[in-house]
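>>> Build me a structure from this.
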Amino acid sequence: MESLDEIKSRVEAAVPGAKIEIVQNGSPSQQHSLLIDNEHAIAIARFLRVDPALCLDFCSNVTGVDWLDRVLKKTTKVKKIVDGQEKEVTETTEEKIPGYLESVYHLYSMTHKHGPVIIRMRTSDRADGNHLPSLTSIWRSAEFQEREIFDLYGIRFESHPDLRRILMWDEFEDYPMRKDYREPDDYEWEPTPHDEVLEKAKVHYPPRPELDGAERITAQP
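Predicted coordinates for the structure are as follows:
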């Protein structure tokens with residue numbers, strides 16, 4: 001299979017205006033990926049699937065990633081005048097990087113028996129800009145997995161054929177896989193509260209007198 005650099009070059013030649021960046025992976029897997037721009041995502045995905053040399057016809061896995069706001073520290077050496085003499089000193093600067101969400105697709109070719117080629121898309125932020133194009137029209141197997149990402153991370157996939165929760169119930173208001181998610185201590189929805197869950201629920205829902213009486217009656221020999 002071609003290298004990512006070769007794939008990147010061919011995609012950019014085939015899809016005018018496409019912006020693609022190679023994202024390095026420093027882990028032992030060394031699975032580097034292609035960050036594709038949202039505007040041309042559908043056209044890029046279609047090329048990856050129909051190009052005869054690639055024929056990436058199977059999307060095996062789609063997952064979400066949450067990146068919180070973070071501060072990147074950079075250390076540089078500069079020359080300054082210190083006590084009347086030019087000296088090389090170390091300066092540290094900080095760059096604030098706003099948070100965003102990602103969807104990551106692992107692609108294989110069943111025809112050529114190669115892969116994976118990993119592509120990813122990023123939202124503009126973690127709030128109102130949490131929209132990405134759906135790739136379900138290119139890979140049908142992405143439908144349920146994009147729904148799962150929507151449900152757990154809050155990414156809204158535009159043009160998805162059936163974007164609704166798949167694990168959490170409709171009334172649930174948060175996204176459990178986000179890094180800043182905090183588990184509520186209100187467990188009214190817990191069908192059978194027990195142990196620590198029961199103790200937390202008692203804070204919000206103290207036992208009613210009639211239930212206490214019923215429990216006393218039940219407890220009698």
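
>>> what's the model's confidence in stretch 89-101, averaged?
What stretch 89-101 shows for mean pLDDT is 90.

>>> Pull it out as CSV, backbone CA atoms only.
Coordinates of each C-alpha in stretch 89-101 appear next as CSV, following Å, rounded to 0.1, in the frame of the first residue of the first chain:
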residue,chain,number,x,y,z
VAL,A,89,18.9,33.3,27.8
THR,A,90,16.1,30.8,27.9
GLU,A,91,12.5,32.2,27.5
THR,A,92,9.3,30.2,28.0
THR,A,93,6.1,31.3,26.2
GLU,A,94,2.6,29.8,26.6
GLU,A,95,0.1,29.2,23.8
LYS,A,96,-3.5,28.5,24.7
ILE,A,97,-5.0,25.9,22.4
PRO,A,98,-8.9,25.9,22.4
GLY,A,99,-10.5,22.5,22.9
TYR,A,100,-12.2,20.5,20.1
LEU,A,101,-13.8,17.2,19.3
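
>>> Name the surrounding residues that touch it.
Applying Cβ atoms under 8 Å, 6 or more residues apart in numbering, the set of residues contacting stretch 89-101 from outside is 64-80, 82, 122-126, 130, 132, 153-155. To be clear about C-beta, it is placed using only N, CA and C from the backbone, and glycine gets the same treatment.

>>> hmm, which of these are the buried ones?
64-66, 122-123, 126, 130, 132, 153-155 (16 or more other Cβ atoms under 10 Å).

>>> Please convert those residues to a markdown table, extending it with pLDDT.
A markdown table is the format used below for these (pLDDT from 0 to 100):
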| residue | pLDDT |
| --- | --- |
| 64 | 98 |
| 65 | 97 |
| 66 | 97 |
| 122 | 97 |
| 123 | 98 |
| 126 | 94 |
| 130 | 96 |
| 132 | 98 |
| 153 | 98 |
| 154 | 97 |
| 155 | 98 |
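
>>> In helices only, show me those residues.
residue 153 (DSSP state H).

>>> Need the buried ones among the contacts of stretch 89-101 in JSON lines (columns: distance to residue 38).
Listed next are the buried ones among the contacts of stretch 89-101 as JSON lines, based on distance: Cβ to Cβ, whole Å:
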{"residue": "64", "distance to residue 38": "15"}
{"residue": "65", "distance to residue 38": "15"}
{"residue": "66", "distance to residue 38": "17"}
{"residue": "122", "distance to residue 38": "8"}
{"residue": "123", "distance to residue 38": "8"}
{"residue": "126", "distance to residue 38": "15"}
{"residue": "130", "distance to residue 38": "12"}
{"residue": "132", "distance to residue 38": "6"}
{"residue": "153", "distance to residue 38": "16"}
{"residue": "154", "distance to residue 38": "16"}
{"residue": "155", "distance to residue 38": "11"}
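
>>> How about residue 114: what's its closest non-neighbour residue?
residue 1 (4.1 Å; Cβ to Cβ, 6 or more residues apart in numbering).
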